[in-house]
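S.K.: Output the structure for:
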Amino acid sequence: MIDFAIILAGLGGVFTLWKLSLALFGVLVGQFFGVVPGIGSVMAIASAIPCTFGLDTLPAIAFLVGINKGGLVGGAIQAVLMNTPGTPDVAATALDGYPLAKKGKPLKATKMALFSSVTSDTFSAIALITVSAPLAVLAPRMGPVEVFALMIFAFSILLGLIGQSLIKGITAAALGLLAASIESDSAHYSPRVIFGYYEVYDGLRLASVAIFMLAISEIIPRLSQMRGHVPATNTIDDTGNRDDRRVTFAEYWGCRFTMLRWAMIGTVLGALSGIGRSPLRSRLM
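M.R.: As a prediction, this is how the structure comes out:
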């Protein structure tokens, strides 16, 4: 049962000039950190926590939430313009945003990434406020059997996304499984596939692996161009056309079902215990 009185009381305590100003400032700080590959919103929040010691609880939370959201937007800028996402959360943005930027529409790609991110995040925030209690009841029921079934489903989706080269797809999936196996055994706490390097005893960090794999595909062609082996074909130029610099309402409205569908999927997966943020399961999915 949703208690709208409590929700309205909470909104009344949040929508004040002081808290909204701190949230806006946090968004700006988060964008600055999110643009730098490998730093992201998590490190930005960790660096900003000492600045919140003199604040009350709600203003401090508003500031840190703003940093988190701004970090995602900053990472999307890197993903669109350089094919190197600043955070793993925007890794999928590079798949479509960077090709659109190479066509001379970098501003359109960046703005569309911003609009879709805000829309999906607003949907998940509303879901958190309204249906968090039913989802909280469902999440603890995700046992080993359900998690295994979800992983099998993820691999079945992977087979559909392999493309024309089956060998390349299977090889990439096998390398992903190998990377996910590098850590200590959770049952016996013994090292597994670490090859004597105890620096990876806790496993490979998802942020480092995701950013490296996406960045290396852009770094190698650029190095070849610097040595004159390959002509420069990955430069980003602005066409100068006004329509290529903006996202019209018709274009945004045409993507409404796509944004809604993936916002629902992301909200459900994020609510499941151990699925949304677990590094091992994130690699497998």
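
S.K.: pLDDT weak spots in the stretch 151-285 of the chain?
M.R.: For the stretch 151-285 of the chain, the stretches with pLDDT under 70 are 157-164, 186-188, 206-207, 210-211, 214-215, 217-218, 225-240, 269-285.

S.K.: what about the longest helix in this structure?
M.R.: Using DSSP state H, we find that the single longest helix of the chain is helix 106-138.

S.K.: Just give me how far the very next helix or strand once past it sits from the chain centre.
M.R.: Scanning forward in sequence from helix 106-138 by DSSP states H and E, the next helix or strand is helix 144-160. Mean C-alpha position of helix 144-160 versus that of the full chain (C-alpha atoms, centre = their mean, to the nearest Å) differs by 20 Å.

S.K.: Report all helices and strands that helix 144-160 contacts.
M.R.: Contacts defined by 3 or more C-beta pairs under 8 Å, 6 or more residues apart in numbering; DSSP states H and E place helix 144-160 against helix 166-181, helix 279-284. C-beta: built from backbone N, CA, C; applies to glycine.

S.K.: hang on, the earlier thing: any buried residues in the longest helix of the chain, and which?
M.R.: Applying a neighbour-count criterion of 16 or more other C-beta atoms under 10 Å, one finds 106-114, 116-117, 119-121, 123-124, 127 buried in helix 106-138.

S.K.: looking only at pLDDT, what's the mean for that helix?
M.R.: In this model, helix 106-138 has a mean pLDDT of 82.

S.K.: With stretch 5-17 instead?
M.R.: On average, stretch 5-17 scores 80.

S.K.: How about residues contacting it?
M.R.: Stretch 5-17 is contacted by residues Leu58, Ala62, Ile129, Thr130 when judged by C-beta atoms under 8 Å, 6 or more residues apart in numbering.

S.K.: center of this structure, which residue is that?
M.R.: A centroid search over the chain (C-alpha atoms, centre = their mean) returns Asp89, at 1.0 Å, as the residue closest to the centre.

S.K.: nearest residue to that one other than its sequence neighbours?
M.R.: The shortest distance from Asp89 to any non-neighbouring residue, by C-beta to C-beta, 6 or more residues apart in numbering, is to Leu72 (5.5 Å).

S.K.: which stretch of helix or strand covers the one you found?
M.R.: Per DSSP H and E: Leu72 is located in helix 57-82.

S.K.: quick revisit: contacts only, for the residue nearest to Asp89.
M.R.: When contacts are counted by C-beta under 8 Å, 6+ apart, Leu72 touches Gly30, Gly34, Ser41, Thr87, Asp89, Val90, Ser117, Asp121.

S.K.: Okay, and which of the residues you listed map to helices?
M.R.: When DSSP H defines the helices, the subset of these inside them is Gly30, Gly34, Ser41, Ser117, Asp121.

S.K.: got the angle between the longest helix of the chain and helix 57-82?
M.R.: In terms of direction (axes from the mean of the first three to the mean of the last three C-alpha atoms, to 10 degrees), helix 106-138 departs from helix 57-82 by 130 degrees.

S.K.: elements contacting helix 106-138?
M.R.: Helix 106-138 packs on helix 4-14, helix 57-82, helix 93-102, helix 249-254, helix 256-271, going by 3+ C-beta pairs under 8 Å, 6+ apart.
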